[in-house]
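Chemist: A structural model of the following input is requested.
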Amino acid sequence: MESPFKPDILKGRVALVTGGSSGIGFEIARQLGLHGAKVAISGRRQDVLDSAVGSLKSDGITAMGLQGDVRSAAACEGWVATIASAWGGPLDVLVNCAAGNFLATAEELTVNGFKTVMEIDAVGTFTMSRAAFPALRRSSAAGGPAIVNISATLQYGATWWQAHASAAKAAVDSLTRSLALEWGEFGVRVNGVAPGPIGGTAGMAKLAPGAREVVGASIPLRSEMGRTWDIAMAVLFLASPAAAFVSGDTLVVDGANWMWRPQLVERGAVSRASRGVEGSSRGVGVRAGGGGGGGPTSKL
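Modeler: The predicted structure is shown next:
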């Protein structure tokens, strides 16, 4: 896919992407790097981390790997210190992408399992953001320093077998708003991106195995899953000067999936019914030859 952004839009920036060694996080890190940023990625598995860093460098990106767990305040603080020592200067972009999830019925979900997801997603986002704040507030990047928290759409209503992850992501959304409110005076922008179903990720393989067509049918736009590239472009926008006055918002990137409901009446039947109403009521009607996507037209 060809980026709609200038290739040097993040030139000179320093970015940290937690959970950046695979999936959505890796593509975010890759696109930040391809648009000029130096990129540090964190992960728990050293071999996966090393492979990801090697891939980023093969694309000409200045990159480093940081092994550890976002649940550890010491690890998060150490990463920020390592970046400063290696590259100097402040941190300009933080993307909190590290997350944990699995399917479980609420009655079989253990307290430890619930806590683990909450600690990785919600507490980890806070821990990393808090550790990065002193470095972020020193940034002089155009558009200001930016935190982007990767959320989800599970909590926009409810999702089967996801009580733990839904609670965690709801907390992340709330934290995004709170930090935007509190840290705005320091010039730090805090936003979120809520991905919908994204193809080719471990999350989809784990949470909806073999359900690509079923999931795709519930996505109004294109009727197919999104791409990691789609999420990376949204993050790139929020990290760039184009979003200089955007803070406290969570951008949903899901092709309208979270709003999907079964179509109870087919389009043609609605069109025929509307034309019937037009013939018997004033001020109500449809465009002549309706059924081809024309919306209601006022006759007042």
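Chemist: buried stuff in the longest helix belonging to the chain?
Modeler: Secondary structure of the chain per DSSP state H: the longest helix is helix 163-183. Buried residues in helix 163-183, counted by 16 or more other C-beta atoms under 10 Å: 163-173, 175-177, 179-180, 183. For glycine as for every other residue, the C-beta is placed from the backbone atoms N, C-alpha and C.
Chemist: Name the SS class of the nearest residue to L236 once chain neighbours are set aside, please.
Modeler: Closest residue in space to L236, ignoring its immediate chain neighbours: Q31 at 5.5 Å, by C-beta to C-beta, 6 or more residues apart in numbering. Secondary structure for Q31, judged by DSSP: H, G, I helix; E, B strand; the rest coil, is helix.
Chemist: And L66, by the same measure?
Modeler: Classification of L66 using three-state DSSP returns strand.
Chemist: My guess is it contacts Q46. True?
Modeler: No - L66 is beyond contact range of Q46, at 10.4 Å (criterion: C-beta atoms under 8 Å).
Chemist: Of the two, which one has the most company?
Modeler: More crowded of L66 and Q46, by other C-beta atoms under 10 Å: L66, with 22 against 12.
Chemist: so what's that one up against?
Modeler: L66 makes contact with L16, A40, I41, S42, G43, L49, G78, W79, T82, I83, according to C-beta atoms under 8 Å, 6 or more residues apart in numbering.
Chemist: of all the residues you listed, which comes closest to A244?
Modeler: L16 (20.3 Å; C-beta to C-beta).
Chemist: Not counting sequence-adjacent ones, nearest residue to that closest one?
Modeler: Per C-beta to C-beta, 6+ apart, closest to L16 is A40, 4.7 Å.
Chemist: chain center to the helix or strand that contains the one you found, what's the gap?
Modeler: Element membership for A40, per DSSP states H and E: strand 38-43. Strand 38-43 sits 17 Å away from the centroid of its parent chain (C-alpha atoms, centre = their mean, to the nearest Å).
Chemist: So which other helices or strands are in contact with that strand?
Modeler: strand 14-18, helix 23-34, helix 46-58, strand 63-67, helix 73-87 (3 or more C-beta pairs under 8 Å, 6 or more residues apart in numbering; DSSP states H and E).
Chemist: Recalculate using a threshold of 6 Å.
Modeler: Helices and strands touching strand 38-43, by 3 or more C-beta pairs under 6 Å, 6 or more residues apart in numbering; DSSP states H and E, are strand 14-18, helix 23-34, strand 63-67.
Chemist: Adding mean pLDDT and distance to P7, write those out as CSV.
Modeler: Formatted as CSV, those follow (pLDDT from 0 to 100; distance: least, C-beta to C-beta, whole Å):
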stretch, mean pLDDT, distance to P7
strand 14-18, 98, 15
helix 23-34, 98, 7
strand 63-67, 98, 17
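Chemist: Is it correct that I231 is in contact with G25?
Modeler: No - at 9.4 Å, I231 and G25 do not qualify as touching, with contact defined as C-beta atoms under 6 Å.
Chemist: Can you report how many residues lie near G113?
Modeler: Quick note: G113 (other C-beta under 10 Å) scores 14 neighbours.
Chemist: again with L94
Modeler: Considering only other C-beta under 10 Å, L94 is surrounded by 29 other residues.
Chemist: That one is in what secondary structure piece?
Modeler: Going by DSSP H and E, L94 is part of strand 93-96.
Chemist: Residues touching the helix or strand that that strand is followed by, excluding its own?
Modeler: Once strand 93-96 ends, the next helix or strand along the chain (criterion: DSSP H and E) is helix 111-118. Contacting residues not belonging to helix 111-118 are listed as G100, H164, A165, A168 [C-beta atoms under 6 Å, 6 or more residues apart in numbering].
Chemist: so of the helices and strands packed on strand 38-43, which one's packed in deepest?
Modeler: strand 14-18 (a mean of 30; mean count of other C-beta atoms under 10 Å).
Chemist: What angle do strand 38-43 and that strand make with each other?
Modeler: 20 degrees (axes from the mean of the first three to the mean of the last three C-alpha atoms, to 10 degrees).
Chemist: Off-centre distance for strand 14-18?
Modeler: Counting by C-alpha atoms, centre = their mean, strand 14-18 is centred 14 Å from the centre of its parent chain.
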